[in-house]
Each structure stands twice: as C-alpha cells, then as structure tokens.
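Peer 1: Okay, predicted coordinates and the sequence, questions at the end:
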Amino acid sequence: MDSSRETVAILYDIENAPFEMLNYTLGKARRYQPCRTIVVSDWEERPEQKRWDKLLNRPGFTFRQINRTYLGKNSLDSALYDSAKILYEDGVRRYFIITTDSDFVRIAEMLNEKEKSYIIGIGTKQASELLRNAYDEFFVYPPEEKKKVRNSRKKTEKKEENAQTGDTAAVQNANENQETKAEQQKRKATPKKLTRGEKTPRRPAKKNAPQKAQSPAQKPQNVAPGKSSAAETKTAKPEKTQQPVKHPLKKEEKPKENAVEKKAEAQENVLSVHLPMSLLRTIEARQKAEGVSMNEFVTFLLTRGLMG
C-alpha cells in the first residue's frame, strides 16, 4: 500500500462507535482534499450494517479490511494498532481516530514516538479527559450539542441587547412624558388668544338661579290696590319648583285627601227636599218600622214611584 505525507488515515473502532460517526468523520476529512483518504476497520464482523456496501463505492476514499490475529475483547484494538504502526512507518502523519475507548491512548502515543503526527479524535461526550488530551483536536458527536451552546450564547447576547435597548427606550419615554407635561402646564397658564372676528365665549347661565327682586322704581304706577298690571301678568312666569326624585323601587304614595274636601263632596251629593210636616212624620214612622236608614227608605220610595 502506497502511503505518504499527503495521505489521511481514518482508524474506525466499529465496536464502540456507530456508523453515523464514520459518515460524520468523512465530512471532516474533506478539508484535507485533494488527498488520499484510507479507512481502516473490520466491517466484515458487522454484517448487519448493509450501508457499508454503498460506502465502499464512494469515490475519493480507500477502504482497508484488517485481519485480527486473535479473537477476544481487545482483538480489534490490537489490529488497529498494528495497522496504524504500518501506516506510520510508511510516512502517514495525519490521522482520524473514531472511538470513545480510552485504550486508544496508546495508539496516539505510538504515532508520536519518533516524529510527531497530527491526530484528530471523534467521540461522544463520555470520552475521558485522558483520551481527549492525547489528540491535537477533538470533536464531540453528535454535533448538535455545540449548536445548542452557540444558540444559548446568541440568546443571552440578544437578551443583553434587548435589556440595553429597553433601558434607553425607558429613558426616552420618561423624557418625552416630562416634556409633554411641561407643555400642558404652559398651555393652561397662557390664555388663549382670540383671532379677528372671534367672540369671547359666554359662560353658561346657572340653573335654578334666584330671580332678582324688582326695585320699586321698576313697578308700574297708577295701579289699583290688589290688581296687577297687564305687563306683569305677561312677563311674570311661574317659578319652576324642584320636583322630588322618584325612587325606582318605592311605590308612589298617594296624597291623603283632606276631611274638609270629603265633607264638601258629600254635601254636594245630598238632595234637599221640602216636605209637609205630616208627610215627613209618616215617612219617619215607616222608616223606623222597616228598620232601615232614611237614605235607603227614600231611594226605595223613589225607585218604586219611578217604576210604578
């Protein structure tokens, strides 16, 4: 395998990193283009990842299948270590290591033994500080976390800007309110100037104002006592008496009739008739014998006479 300083090697720990992290790393590796990119991993042990078939046909990348010398938990780590050592001896000095396993620290140390290499790490946020410090650069996957940090910073900056603009706006509003109050006071203090042809407004007359008493000089002369002149009768208007306010819930109370008025009405309804003394006595004797009042007896006689 031909390798040189223009080659970028990607060591992919397929057992500790999902397929999406490899795709993300291939996008990062494009910043070194035009350059040869070699992907080293053991994808034959992961047959469920069918997307490898499409990835192998991707132009601009070389994929190298590694063989494990023994089986076990760290078999892939040792196979990647051996491949990285071969690439380093061939002159490759740029590496991407995709893993969150801290055992890959020894691979980074090996790549910097004789001549320093430039190593970029791709891992999750669970990666240890020891693993991160072994690399020259480290990217956290998924990248949305960095976007959230940037968005939060932008939000805080916007809040600060809004607070500053809000303070300045409040000061401006306060100054404007003070100016408007001062203008209103000046308008009230200065009288309004009348333009040419404009009349001064009259004050409205007060309601229920007491009428002025006429002086004796204004009264008409040569008027008989007890009589008023024709001018007085024409000009004199009845004073408006203030009517009591009616309560909506209270019933109107009818004024009580005077006993004198009732007596007068009763006297008007009485019919007075002059009868001879002998006839009057017979009527009284008959009324007593019947045991009724005089009015009832008279009405009985009248109705009988009218109908008979």
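Peer 2: Perfect, I can see it now.

Peer 1: Just to be sure, residue 62 is in a strand?
Peer 2: Yes - secondary structure of residue 62 (DSSP: H, G, I helix; E, B strand; the rest coil): part of a strand.

Peer 1: Could you tell me how far it is located from residue 140?
Peer 2: Distance of residue 62 to residue 140, given as Cβ to Cβ, to the nearest Å: 27 Å. Bear in mind the C-beta positions are built from the backbone N, C-alpha and C, glycine included.

Peer 1: can you check residue 281 too?
Peer 2: When residue 281 is compared with residue 140 (using Cβ to Cβ), they lie 140 Å apart.

Peer 1: Residue 120 now?
Peer 2: 12 Å.

Peer 1: where does the chain have its least confident helix or strand?
Peer 2: Between all helices and strands in the chain, the lowest mean by mean pLDDT, DSSP states H and E belongs to helix 230-235, at a mean of 48.

Peer 1: Can you show me the strands along this structure?
Peer 2: 7-12, 36-41, 61-65, 94-98, 118-123, 137-140 (DSSP state E).

Peer 1: who does the third one touch, helix- and strand-wise?
Peer 2: When you say that, I think you mean strand 61-65. strand 36-41, helix 51-56 (3 or more Cβ pairs under 8 Å, 6 or more residues apart in numbering; DSSP states H and E).

Peer 1: Mind doing that once more with 10 Å?
Peer 2: Packing partners of strand 61-65 (3 or more Cβ pairs under 10 Å, 6 or more residues apart in numbering; DSSP states H and E): strand 7-12, strand 36-41, helix 51-56, helix 75-89.

Peer 1: ok, now the shortest one?
Peer 2: Under the contact criterion of 3+ Cβ pairs under 10 Å, 6+ apart, strand 137-140 touches helix 19-28, strand 94-98, strand 118-123, helix 129-133.

Peer 1: Compare residue 281 and residue 140 (neighbour count), which wins?
Peer 2: Ranked by neighbour count (other Cβ atoms under 10 Å), residue 281 and residue 140 place residue 140 first, with 16 against 11.

Peer 1: remind me which residues of the stretch 1-150 of the chain are low pLDDT?
Peer 2: Within the stretch 1-150 of the chain, the ranges that satisfy pLDDT under 70 run 1-5, 47-50, 144-150.

Peer 1: 90 - rerun?
Peer 2: 1-6, 14-20, 23, 27, 29-36, 42-63, 65-75, 114, 143-150 (pLDDT under 90).

Peer 1: So the closest residue to residue 112 other than its chain neighbours versus residue 278, what's the distance?
Peer 2: Nearest non-adjacent residue to residue 112, counting by Cβ to Cβ, 6 or more residues apart in numbering: residue 119, 7.8 Å away. With distances taken as Cβ to Cβ, residue 119 is found 160 Å from residue 278.

Peer 1: Between these two, which is the more surrounded one?
Peer 2: For the pair residue 119 and residue 278, the greater number of neighbours falls to residue 119 (23 against 8), based on other Cβ under 10 Å.

Peer 1: So the more buried one sits against residue 99, correct?
Peer 2: No - using Cβ atoms under 10 Å, residue 119 makes no contact with residue 99, being 11.9 Å away.

Peer 1: Residues that sit against both of these two, list them.
Peer 2: Common neighbours of residue 119 and residue 99 are listed as 11, 107 (criterion: Cβ atoms under 10 Å, 6 or more residues apart in numbering).

Peer 1: List the beta-bridge partners for the residue nearest to residue 112.
Peer 2: residue 95 (DSSP bridges).

Peer 1: That one and residue 84: what is the separation?
Peer 2: 10 Å.

Peer 1: what about residue 130, neighbour count?
Peer 2: Neighbours of residue 130 (other Cβ under 10 Å): 9.

Peer 1: do the same with residue 36
Peer 2: 17.

Peer 1: Over to residue 122?
Peer 2: Neighbour tally, residue 122, other Cβ under 10 Å: 25.

Peer 1: you'd agree it is up against residue 140?
Peer 2: Yes - if you go by Cβ under 10 Å, residue 122 and residue 140 touch, sitting 8.5 Å apart.

Peer 1: I appreciate the help and will end here.
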